[in-house]
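>>> dropping a prediction and its sequence here:
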Amino acid sequence: MYYYDLLLEFGTDTEWLVTANFILSVLLGLWMMRYRRLYLNSREEQGNQRDLIDNLSEGIYRSAPNGRQLSANKALVKLNGYGSEAEMLEAIEDIGKDWYVEPGRRDQFRAILKREGYVTDFVSEIYRHKTRERIWITESARIVHDKSGKPLFYEGSVREITETVKKLQAEELLRKLSNQVPGGLFQFTRRPGGEFHISHISSGFRKLTGFQGEAGLFDAFLFARLVHPEDRASFLDALRESGIKMQPWDLEFRTDTGGSVETWLRVNAVPEATEDGITWHGYLNDVSSRKTNETEIEKLAFYDALTGLPNRRMFMDRMNSAVAASKKRGAYGAVIFIDLDNFKTLNDTRGHDVGDAYLVQVAERLSRCVRSEDTVARIGGDEFVVILENVGKEHGSGARGAIMTANKVLDAMRRDFEIDQFKHRASASLGVVVFGGTEAKPEEILKQADIAMYQAKAAGRNGMALYDHLSMSSESDRYRLLNDLKAALSTDALELHYQPQLDDSGRIVGAEALCRWKHPELGMLMPDRFVPLTEQFGLVREFGNAVLAQGVAELARWRTNPSTAGMRMAINVNVLSFACEDFVTNLASLIGNHGVDARLLTLELTESVMAKDLSIIAKRMNELKSLGVRLSLDDFGSGYSSLAHLKSLPFDELKIDGGFIADIENGESDRALIKSILGTARTLKLTAVAEHVENVRQEAFLRAFGCDFFQGYLYSRAVPGGEFTEFVERRQMGDALLDLIEERRRA
């Protein structure tokens, strides 16, 4: 209407109206053309936008507030397992019921949308709708409203993250598992520039090491500070070598936690070359318990349980090292062999507890006498050894240094030891050897030190002797014999031979047990070859106990044989052995264990017993008499005997010294002396025994003047136990035959 009013205002001319209408038609046509063009462009733009949405990798959707799916792009259709959008839209009726694994998950999604108007990265587990496969997605969406604010629809995007979730789940499982294993897992990388980057460390790793850092860059040297200072160098060297050689990093080290308890860890990691550098995948575990056990085992294997000093095995290892070091440095070393004087007496009189306490104090004093680089070891019951390293470049200076240390040891041993509220005055005998790296082997050096020690002991004890290769060659032979004797005592290699004793009618009444040693190289050795060694080197007690044990055991065997039952046995006893505190108790135990008649056992004591404290000797002899044991004074006439002493001691018999018997036939004075001895025996009511009887003339003289028993080569040499039994049986058969002949002659 506005348009026609305008025309009327200009007039009603027909030509004007036609012209105006034409213009209007043109303008309307132009406007229609422009509108069509705009419409076509809009449709094209919408098509392009649709193509863009369909080709996105993420799923794009539009859904109604009631859960009905309105549209979906190709990615979302594929995600749900369908071939087309139409198929999918027809199949899905309600997203909340058909899609989410967890029923209430859709309500949570809608609640956030309602509250915020949008949702970002909402993670859910859903079903791949068509196949019902369970997958994980992350979803973002917004609400689209009309002009009045009413919700029209939801539109959003969906992206599948199943692989990512699985990886995260695997990592979480690994974390849980690694936190449960007793050790710690780790992964770190050394980059080309030298910096280190931690990829993963478990809580167990942190607990073991005390490391509080996080994953990321870290300082390897800062981490190494958690390692014990003494182990840091080897820790870093092992890691460096592992990276260079691409071989496993396997090392045991201590941690520096600052606590009193030492913790040992073992690291085991495999290096791998990666784009970032070298990555170690490894495991750390606590090996403290095993290390403690190994330490205890090592102590048992290499250290003396009582004193804590190295034992013989460790000593020999240290000796090998000392000899090698001496050779390398071109310097001398020394060994001091220490034997405690009269230790057995202390042990026997005061008990093993006191003896052990004394040994512990000895170990402490010896350790204070040497340098930190030297070694003090206990290699036997009362034997200690000191290794002195680098005592000088020349033998003379080395000897002076060793002697100075030996004098310090002697001074330390001479000071009183306070044990259980009593003072023990002790001493030691020392043997010193100076050695070079090109000289004898460690075993030979120890033997030389032992030889020198025995030389000091033989010189009166409480001193030292320096081994000299020239002057001690003869001592070496004696030393070897002494060592063989020690072995013989410990293996019962000594044996007793028995020399018969006969009465004045010629019948065998017993035998004297005489010790023999069948040496593997030297053959059969007589007592004069080895008994002095037992006296000189403190083996009297062991030797005496071995002889008594073997003799009493043989006496028990005699009891089971009718030919030897009731026979008596005489055994020589060393005065030093007789003086031991446990002599009587030991013998009583042997007699009781074997069940022998003590009255059949005779102990022969030499006249040197008279030189001892007679009150103590008399007490011990009376104790033996109370057991029933007989006592004989051996070699009478050659020593300290006096009638007063002889009368005061409870002897049962006298045994005439064999030296007098040999000269009966030629020496008037010897015959007179034997007559006097036999007369004394009768006066004191003692049995008289003559030994070393070698011919019938000697026997006739002895019998004529009242000798009771006879022993010597005239009858038999000393023979082993089996031969003695056979000898007795043959002799008894002969006596029985003679008796039969005599009876028939008289008849």
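Great, that's in hand.

>>> can you list the low-confidence ranges for the stretch 51-200 of the chain?
Where the stretch 51-200 of the chain drops to pLDDT under 70, the residues are 51-56, 169-182.

>>> what segments of it are strands?
In the stretch 51-200 of the chain, the strands defined using DSSP state E, counting those that start in this stretch lie at 59-63, 69-72, 118-128, 133-145, 151-160, 184-190, 196-201.

>>> with distance to residue 705 and mean neighbour count added, can I get those strands in JSON lines?
From N, CA and C alone the C-beta is placed, and that goes for glycine too. Converted to JSON lines, the strands of the stretch 51-200 of the chain look like this (distance: least, C-beta to C-beta, whole Å; neighbours: other C-beta atoms under 10 Å):
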{"stretch": "strand 59-63", "distance to residue 705": "139", "mean neighbour count": "20"}
{"stretch": "strand 69-72", "distance to residue 705": "145", "mean neighbour count": "20"}
{"stretch": "strand 118-128", "distance to residue 705": "127", "mean neighbour count": "16"}
{"stretch": "strand 133-145", "distance to residue 705": "126", "mean neighbour count": "16"}
{"stretch": "strand 151-160", "distance to residue 705": "131", "mean neighbour count": "18"}
{"stretch": "strand 184-190", "distance to residue 705": "99", "mean neighbour count": "20"}
{"stretch": "strand 196-201", "distance to residue 705": "106", "mean neighbour count": "17"}
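
>>> so residue 310 sits right up against residue 384, yeah?
No: assessed by C-beta atoms under 8 Å, residue 310 is found out of contact with residue 384, at 10.4 Å.

>>> what do these two both touch?
With C-beta atoms under 8 Å, 6 or more residues apart in numbering applied, the overlap between the contact sets of residue 310 and residue 384 consists of 376, 377, 378.

>>> state the mean pLDDT of whichever strand or helix holds the first one.
It refers to residue 376. According to DSSP states H and E, residue 376 maps onto strand 375-378. Regarding strand 375-378, the rounded mean pLDDT is 94.

>>> show me what the very next helix or strand once past it is packed against.
Using DSSP H and E, the next helix or strand after strand 375-378 towards the C-terminus is strand 383-392. Secondary-structure packing of strand 383-392 (3 or more C-beta pairs under 8 Å, 6 or more residues apart in numbering; DSSP states H and E): helix 312-329, strand 332-340, helix 352-368, strand 375-378, helix 395-414.

>>> nearest to residue 448, out of the ones you listed?
Closest to residue 448 of the helices and strands packed on strand 383-392, according to C-beta to C-beta: strand 332-340, at 8.0 Å.

>>> ok, back up a step: which one of the strands of the stretch 51-200 of the chain lies closest to residue 265?
Checking the strands of the stretch 51-200 of the chain against residue 265 by C-beta to C-beta gives strand 184-190 as the closest, at 8.9 Å.

>>> and the closest one, which strands flank it?
According to DSSP bridges, strand 184-190 forms sheet pairs with strand 196-201 (antiparallel), strand 277-286 (antiparallel).

>>> dump these to CSV, plus distance to residue 442.
Below are those laid out as CSV (distance: least, C-beta to C-beta, whole Å):
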stretch, distance to residue 442
strand 196-201, 48
strand 277-286, 39
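
>>> quick revisit: with neighbour numbers in mind, choose between residue 310 and residue 384.
Per other C-beta atoms under 10 Å, whichever of residue 310 and residue 384 has more neighbours is residue 384, with 25 against 21.

>>> quick revisit: neighbouring contacts of the strand holding residue 376?
Strand 375-378 is touched from outside by 304, 306-307, 309-312, 314-315, 318, 322, 359, 363, 366-367, 370, 384-387, with contacts defined as C-beta under 8 Å, 6+ apart.
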